[in-house]
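Chemist: the amino acid sequence is not available; the structure is as follows:
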């Protein structure tokens, strides 16, 4: 009798755990879709649709009775290798592109004249001009243009919100493009959903040093071992 009770209790716990996993899986699948549509992350939405289509096909074939021999089979090690490869490529090319973007941002801003990497800018910044792109901040009613949100730094300089965020995140600058006063990133990215952009940038900075200097460190250590005759 006690054994029967233990089996029933164990089965109930397993059922609750399975239900919890199913609910968690459903939330992981649906919740990002809501924020993707709300925030207009169309690239993520396209990838989500492709992933969902492939997963739905595999799930459909795997739940058929009797099981068809042509049902796709994915080895865990192959899936893990594929995921790690995508992660490596994304981080590696992300580091390269971000460094080139920083160089281009410096060159473009210096060419416009409201920014100088060292010293005073060559042009005087007007209150109606964005120092990052050099365009008018507000478009007149009679002119054609795109109406953009603006952002005012603590130094009272106003920029297009898209420009100043790109300057800080992609260009890796934490100072005002005109007066070089330090930018408070915590104030700029008060929304918690925007902070991963900053964290991703910091991860790329860490990865840069790992990729660039790890071979040098390993080579120095092996050279010292060779000179000292150590294995």
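Modeler: On my side now, so go ahead. What you see is a predicted model, and the numbers here were worked out from it, not measured in a lab.
Chemist: the chain: helices as residue ranges?
Modeler: Counting by DSSP state H, the segments of the chain that form helices are 2-39, 42-62, 76-112, 161-169, 185-188, 195-228.
Chemist: in terms of mean pLDDT, which of these ranks lowest?
Modeler: Mean pLDDT across those is lowest at helix 185-188; the value there is a mean of 69.
Chemist: let me have the helices of the chain in JSON lines, adding distance to residue 120 as columns.
Modeler: (C-beta placed from N, C-alpha, C; glycine too.) Converted to JSON lines, the helices of the chain look like this (distance: least, C-beta to C-beta, whole Å):
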{"stretch": "helix 2-39", "distance to residue 120": "39"}
{"stretch": "helix 42-62", "distance to residue 120": "40"}
{"stretch": "helix 76-112", "distance to residue 120": "12"}
{"stretch": "helix 161-169", "distance to residue 120": "19"}
{"stretch": "helix 185-188", "distance to residue 120": "25"}
{"stretch": "helix 195-228", "distance to residue 120": "28"}
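Chemist: now do the contacts for residue 24.
Modeler: By C-beta atoms under 8 Å, 6 or more residues apart in numbering, no residues touch residue 24.
Chemist: so how far is residue 115 from it?
Modeler: 48 Å (C-beta to C-beta, to the nearest Å).
Chemist: of the helices of the chain, which stretch is the most buried?
Modeler: helix 161-169 (a mean of 20; mean count of other C-beta atoms under 10 Å).
Chemist: that helix packs against which elements?
Modeler: helix 76-112, strand 150-152, helix 185-188, helix 195-228 (3 or more C-beta pairs under 8 Å, 6 or more residues apart in numbering; DSSP states H and E).
Chemist: chain center to the longest one, what's the gap?
Modeler: In terms of C-alpha atoms, centre = their mean, to the nearest Å, the gap separating the centre of helix 76-112 from the centre of its chain is 10 Å.
Chemist: by contact count, what packs against that helix?
Modeler: Using 3+ C-beta pairs under 8 Å, 6+ apart: helix 76-112 touches helix 161-169, helix 195-228.
Chemist: and the residue lying closest to residue 115 once chain neighbours are set aside, what does it touch?
Modeler: Distance criterion C-beta to C-beta, 6 or more residues apart in numbering; nearest residue to residue 115, sequence neighbours excluded, is residue 109 at 3.8 Å. Residues in contact with residue 109 (C-beta under 8 Å, 6+ apart) are 115, 131, 132, 167, 177.
Chemist: now do 10 Å
Modeler: For residue 109, the contacting residues are 115-117, 121, 131-134, 163, 167, 171, 173, 177-178, by C-beta atoms under 10 Å, 6 or more residues apart in numbering.
Chemist: roughly how far does it sit from residue 132?
Modeler: 6 Å.
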